[in-house]
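K.L.:
Predicted structure and sequence below. I'll ask about it afterward.
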Amino acid sequence: MKIEGSSVNMSSKTSLLETHTKEESLKMWIGNQRPNFEGRNIPMMEQPLAMPDTLEISDEGRAMLSKDITNTGRVSPTNDENYLEISDEDKAKIKLIEELIRIFTGKKIKIRIPERLKLNDPACLPTPVPQPQRNGWGMEYDYHEVNYEREKMSFSSEGVIKTSDGREINFTVQLNMSREFASEQHIRFRAGDAAIDPLVINFDAPAAGLTNTKFNFDLDSDGKTDQISFASGGSGFLALDINNDGIINNGHELFGPDSGNGFADLAKHDADGNNWIDENDAVFNRLRIWTRDSEGNDKLFALGEKGVGAIYLGNVSSPFSIKGSNNQLQGTVASTGIFIRENGTAGTIQHIDLAV
């Protein structure tokens, strides 16, 4: 081909989108009661690198620590009845907390605690009462990172070519190129008296509710019962009766308490990899919805008995505090997903951190 003349137009357009988000939180406390971190107005990790090398305990904090230690009976009285001496056990726990902060933040700190704590009039001290065994401290660490890239390029050209043999060629070229990448990393770590998280499916309720009444249940599968609120109303714990005895024996038969991520535990049973737990998956017919009435009577329902057709494994972070009538924290919603009923309507399934 010999070109005698031509008229060619070309154009292209390119777009690039990059997003990087990172969320990190570390909550720690000393005492038998988890503070209401979610109710604070100040972000938990505002300017984390500005943390001082030494952490001082305020007078108020010392008073709270004194109260907690007195109630648990872990402090030995000195000769002076107006003082209490911190036990070796509690000192060891504080050393552990210092080390955990160093591991997760890279910041070495020193928690200064006096050898003795001054008390008010001993006659005013509360009488110790039997309580469930607690660790006397807790830690919750969460890390969530999402990276996303999307790039598009479009190219177009059109024109007319005249050849030496008298031909006239009209042409049009259209080219589109695109690429997309997404990655997500989520780390959850709980220690001490930190909340433990099962999945709650809301088969007949818009969102999870928890009972004011506490029930005995070995949530962390350590052989000791914990005092927990139970799913209430039209909600129930998603369970797998592993030994087929018709009873949910401990947290090992729920989704979340063992690993800290109930949705990830459930995803292990997605045999066909379609991101749904449905009738294509062998586990579907073995899953149960575990409910308990106000008198402590248990019931196990197959998913089909409550109209559940499929459970989606995707979920998003949706923090929300669930509190009782006395404003006591019962649990915290960590993330929320969906399920589809056989009639085509959708419901919610939630990852709940239960306060124990």
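P.N.:
Happy to help now that I have it.

K.L.:
what stretches of the stretch 151-300 of the chain score poorly on pLDDT?
P.N.:
For the stretch 151-300 of the chain, applying pLDDT under 70 flags the ranges 186, 188-196.

K.L.:
Next up, the contacts around the nearest residue to residue 143 once chain neighbours are set aside.
P.N.:
Nearest non-adjacent residue to residue 143, counting by Cβ to Cβ, 6 or more residues apart in numbering: residue 187, 4.1 Å away. C-betas here are computed from N, CA, C, even on glycine. Listed by Cβ atoms under 8 Å, 6 or more residues apart in numbering, the contact set of residue 187 reads 141-144.

K.L.:
Looking at pLDDT only, which of those residues scores worst?
P.N.:
Lowest in pLDDT among the contacts of residue 187 is residue 142, which has 75.

K.L.:
Of the contacts of residue 187, grab the buried ones for PyMOL.
P.N.:
Only the buried members of these end up in this PyMOL selection, burial being decided by 16 or more other Cβ atoms under 10 Å:
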select buried, resi 141+142+144
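
K.L.:
Which ones among the contacts of residue 187 map onto helices?
P.N.:
Applying DSSP state H to the contacts of residue 187, no entry is found in helices.

K.L.:
so which of the contacts of residue 187 comes closest to residue 234?
P.N.:
Nearest to residue 234 among those, counting by Cβ to Cβ, is residue 142 at 28.5 Å.

K.L.:
The closest one contacts residue 22, correct?
P.N.:
No - Residue 142 is beyond contact range of residue 22, at 11.4 Å (criterion: Cβ atoms under 8 Å).

K.L.:
picking that back up, and the residue nearest to residue 143, what element?
P.N.:
Using DSSP states H and E, residue 187 maps to strand 168-192.

K.L.:
With residue 91 instead?
P.N.:
helix 88-105.

K.L.:
In PDB, list the C-alpha atoms belonging to that helix.
P.N.:
Taking C-alpha atoms only, helix 88-105 is exported to PDB below (Å, rounded to 0.1, in the frame of the first residue of the first chain):
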ATOM      1  CA  ASP A  88       2.400  -8.900  93.000                       C
ATOM      2  CA  GLU A  89      -0.300 -10.400  90.700                       C
ATOM      3  CA  ASP A  90      -1.600  -7.000  89.800                       C
ATOM      4  CA  LYS A  91       1.900  -5.600  89.300                       C
ATOM      5  CA  ALA A  92       2.600  -8.500  86.800                       C
ATOM      6  CA  LYS A  93      -0.600  -7.600  84.900                       C
ATOM      7  CA  ILE A  94       0.500  -4.000  84.600                       C
ATOM      8  CA  LYS A  95       3.900  -5.100  83.300                       C
ATOM      9  CA  LEU A  96       2.000  -7.200  80.700                       C
ATOM     10  CA  ILE A  97       0.000  -4.200  79.600                       C
ATOM     11  CA  GLU A  98       3.100  -2.100  79.200                       C
ATOM     12  CA  GLU A  99       4.600  -4.800  76.900                       C
ATOM     13  CA  LEU A 100       1.400  -5.100  74.900                       C
ATOM     14  CA  ILE A 101       1.300  -1.300  74.300                       C
ATOM     15  CA  ARG A 102       5.000  -1.500  73.100                       C
ATOM     16  CA  ILE A 103       4.200  -4.400  70.700                       C
ATOM     17  CA  PHE A 104       1.100  -2.800  69.100                       C
ATOM     18  CA  THR A 105       2.200   0.900  69.100                       C
END
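
K.L.:
so what secondary structure elements neighbour it?
P.N.:
strand 3-30, strand 110-112, strand 137-163 (3 or more Cβ pairs under 8 Å, 6 or more residues apart in numbering; DSSP states H and E).

K.L.:
Residue 216 should be in a strand, yeah?
P.N.:
Yes - per DSSP: H, G, I helix; E, B strand; the rest coil, residue 216 lies within a strand segment.

K.L.:
The host helix or strand of residue 353: how far from the chain's middle?
P.N.:
In this structure, residue 353 sits in strand 346-354 according to DSSP H and E. Offset of strand 346-354 from its chain centre (Cα atoms, centre = their mean, to the nearest Å): 11 Å.

K.L.:
Ok, stretch 300-311 next?
P.N.:
Distance, stretch centre to chain centre, for stretch 300-311: 24 Å (Cα atoms, centre = their mean).

K.L.:
tell me the contacts of residue 336?
P.N.:
315-316, 318, 348-351.

K.L.:
Nearest to residue 304 among the residues you listed?
P.N.:
residue 349 (15.9 Å).

K.L.:
Look at residue 306 and say how many residues are nearby.
P.N.:
Using other Cβ atoms under 10 Å, residue 306 has 18 other residues around it.

K.L.:
Spatially nearest residue to it (excluding sequence neighbours)?
P.N.:
Nearest-residue entry for residue 306: residue 203, 4.0 Å, with adjacent residues in sequence omitted and distances by Cβ to Cβ, 6+ apart.

K.L.:
Give me the phi and psi for the one you found.
P.N.:
For residue 203, the backbone dihedrals are phi -70, psi -30 (criterion: degrees, to the nearest 10).

K.L.:
ok, it - contacts?
P.N.:
Contacts of residue 203 by Cβ under 8 Å, 6+ apart are 234-236, 289, 306-308, 347.

K.L.:
could I get these as TSV with secondary structure and distance to residue 18?
P.N.:
Converted to TSV, those look like this (DSSP: H, G, I helix; E, B strand; the rest coil; distance: Cβ to Cβ, whole Å):
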residue	secondary structure	distance to residue 18
234	coil	42
235	coil	39
236	strand	42
289	strand	42
306	helix	43
307	coil	42
308	strand	38
347	strand	35
